[in-house]
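A.B. asks: Can you look at this prediction? I've put the sequence above it.
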Amino acid sequence: MSKTISASITENRAAFREIFSPDKNYDIIERQLEIGGHPSVIYMIDGFTDAGVLQRTIQFMYSVKPEAMPKDGKRFMEQLLPYGEVGILTDMEDIATAFLAGITCMFIDGYAECLIMDCREYPSRGVQEPEKDKVMRGSRDGFVETLIFNTALIRRRIRDPRLTVEILNVGRRSRTDVALCYMDGEADERILTHLKDRLSSLQVDSLTMNQESLAECLYKGKWFNPFPKFKFSERPDTAAACILQGSIIVLVDNSPAAMILPSSVFDVIEEADDYYFPPVTGTYLRLTRFATSFVALFMTPFYLLMMQNPDHVPQWLQFSLVADEINVPVIFQLLIMEFAIDGLRLASINTPTMLSTPLSVIAAIVLGDYAVESGWFNSEVMLYMAFVALASYSQASFEMGYALKFMRIFLLIATVLFDEWGFFLGTAVVIAAVACNRTIGGRSYLYPLIPFDWKELKKRLFRVRISHDYADKK
């Protein structure tokens, strides 16, 4: 399709109509007019164009006199095009890409250039606080599906000329806009170069699932390691803070989340609330989240180990063992509850809001007293699984929550098959899965624990004062 356009309006119209078929596509608008005695045509996509801006521009075009018409499109753009975001294209493939992105294209007879105007107005929702990344204190705005709004939310927070936002197109058919946001001079140049090379060389038709499709293309690591390689956030304040710390933010058009690179396990577990409270409170919240994640991973496997070896349980822990009759083996009770919790979660997502409360009541009854009285479950197992279910919601990252879930199920199966050896072997596998993981930059997933860096580790574990960090950099 690569072809240089002609100075003839008839040929340009024919080429444009051959590509886009405005007579078939009802949302592609072809507006013919005369500018300064020259036949002209404007193409736009209905729903992508600010009608008010375009109307005022066309009104001005009608006032242009024949003697005022310049000799070429560049001078026309500089002298007579009354709009800020304008440009010139000469290759039909570039014109087609810009047009499908919502750019208004104008051809004037006698000019071998296409004049483009960026008067786009994408359909979008408000920048309200995201449902998943809520905070108790702090900003209440969030990313949306429109890329330009997301970059504006970041620039609003970082008024530094070194903030760089580079745009790339990914996908042979979708040509999805992907933006790289970083601080020039602070981001890791090696990772940045690697990202640009990977994005430029990606051979995919489209990013069907937005950032997930992009993440799977960028990271060719082992698929069976469930721990997330990227951190996602729908909060612009989190994205801005990460940029100031030297991270690279990847924004994908049509996606309301930012991909933060590189990300270690400490980055994934962090939350915005850690910084919206004083250092002592923030440290407590962070350490509580770490401890809750650790307990949620090992609680039910360790309980199963205790049930299989009651003679090894200290006297002061004997009360925690199941005292009633066990009709269903404990391992099956635990696995059934693991899958039942996910089933209820999926049901709550797909349940209309007006029915969510009745569903919660029914689920509480069925999985509460009735489930215990029927003999399917023991009350102790229900208690520990209830804690695990609640603990999973302490993670802001869905990916990390499910990674811990998969590892917990693996530990349960290893423990029931090989008893004590299975528990310790499973624990070793979990540690290896975390330790052998790598970020997209090749750094250890456990940095700054491995390799050990006490100064950085202290910042990951304890919430330090932001002003001190800034003073140190100064």
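C.D. replies: Sure, I can see it. Residues are numbered from 1 along each chain as shown.

A.B. asks: what's the spacing between the residue nearest the centre of the chain and V313?
C.D. replies: With distances taken as C-alpha atoms, centre = their mean, the residue of the chain nearest its centroid is A257 (3.3 Å). Applying C-beta to C-beta, to the nearest Å, the value for A257 to V313 is 45 Å. Quick note: C-beta positions are derived from backbone N, CA and C, even for glycine.

A.B. asks: related to what we said a few turns ago, just checking, the residue nearest to the centre of the chain touches S233?
C.D. replies: Yes - with contact defined as C-beta atoms under 8 Å, A257 counts as touching S233 (6.5 Å).

A.B. asks: residue contacts, R31?
C.D. replies: By C-beta atoms under 8 Å, 6 or more residues apart in numbering, R31 lies in contact with V41, I42, Y43, M44, I58.

A.B. asks: got a list of what the third one touches?
C.D. replies: When contacts are counted by C-beta under 8 Å, 6+ apart, Y43 touches F16, F20, P22, I28, I29, E30, R31, F99, T104, C105, M106.

A.B. asks: Quickly name whichever of the residues you listed is closest to A68.
C.D. replies: M106 (16.7 Å; C-beta to C-beta).

A.B. asks: Is the closest one bridged to anything, and to what?
C.D. replies: Beta-bridge pairing for M106 (DSSP bridges): I42, L115.

A.B. asks: That one - how many residues pack around it?
C.D. replies: 26 (other C-beta atoms under 10 Å).

A.B. asks: if we can go back for a sec, highest neighbour count among the contacts of R31?
C.D. replies: M44 (24 neighbours).

A.B. asks: Distance-wise, check that one relative to E30.
C.D. replies: 9 Å.

A.B. asks: Could you list the low-confidence segments of the stretch 251-400 of the chain?
C.D. replies: Applying pLDDT under 70 to the stretch 251-400 of the chain flags the ranges 353-369.

A.B. asks: And the strands in it?
C.D. replies: 258-261 (DSSP state E, counting those that start in this stretch).

A.B. asks: Could you report the neighbour count for E145?
C.D. replies: 17.

A.B. asks: mind listing what it touches?
C.D. replies: Per C-beta under 8 Å, 6+ apart, neighbours of E145: S124, R125, D253, N254, S255, P256.

A.B. asks: Tell me which other helices or strands whichever helix in the chain runs longest touches.
C.D. replies: Using DSSP state H, we find that the single longest helix of the chain is helix 398-435. The helices and strands touching helix 398-435, judged by 3 or more C-beta pairs under 8 Å, 6 or more residues apart in numbering; DSSP states H and E, are helix 265-269, helix 279-308, helix 330-350, helix 379-392.

A.B. asks: helix or strand right after that helix?
C.D. replies: Helices and strands here follow DSSP states H and E; after helix 398-435, the next one along the chain is helix 454-461.

A.B. asks: Mind listing residues that contact that following helix?
C.D. replies: F266, E270, T283, R286, L287, F290, Y447, P448, L449, V464, D469.

A.B. asks: next one: that helix to chain centre, how far?
C.D. replies: 26 Å (C-alpha atoms, centre = their mean, to the nearest Å).

A.B. asks: Also compute the angle for that helix relative to helix 279-308, please.
C.D. replies: Taking axes from the mean of the first three to the mean of the last three C-alpha atoms, to 10 degrees, one finds helix 454-461 and helix 279-308 inclined to each other by 80 degrees.

A.B. asks: Flag every buried residue along helix 454-461.
C.D. replies: Using 16 or more other C-beta atoms under 10 Å as the burial criterion, the residues of helix 454-461 that qualify are R460.

A.B. asks: Looking at it now, give me its mean pLDDT.
C.D. replies: Across helix 454-461, pLDDT averages out at 86.

A.B. asks: again with stretch 38-49
C.D. replies: 92.

A.B. asks: in the stretch 1-150 of the chain, which ranges drop under the pLDDT threshold?
C.D. replies: For the stretch 1-150 of the chain (pLDDT under 70), the answer is 1-2.

A.B. asks: Identify the residue nearest I158 in space, chain neighbours excluded?
C.D. replies: Nearest non-adjacent residue to I158, counting by C-beta to C-beta, 6 or more residues apart in numbering: A240, 5.4 Å away.

A.B. asks: Please apply the same query to Q203.
C.D. replies: Using C-beta to C-beta, 6+ apart, the closest residue to Q203 is R172 (7.5 Å).

A.B. asks: how much space between that neighbour and V252?
C.D. replies: From R172 to V252 the distance is 16 Å (C-beta to C-beta).

A.B. asks: Likewise for M382?
C.D. replies: M382 is 41 Å from V252, by C-beta to C-beta.

A.B. asks: Which residue of these two possesses the greater neighbour count?
C.D. replies: V252 (25 against 18).

A.B. asks: List the contacts of the more buried one.
C.D. replies: Counting by C-beta under 8 Å, 6+ apart, V252 has contacts L147, T176, D177, V178, A179, L207, N210, Q211, L214, M259.

A.B. asks: State the number of residues packed around the second one.
C.D. replies: When you say that, I think you mean T176. 22.

A.B. asks: correct me, but it touches L251?
C.D. replies: No - in this structure, T176 is not within contact of L251 by C-beta under 8 Å, at 10.8 Å.

A.B. asks: Of the contacts of V252, which is the nearest to Y402?
C.D. replies: Q211 (16.5 Å).
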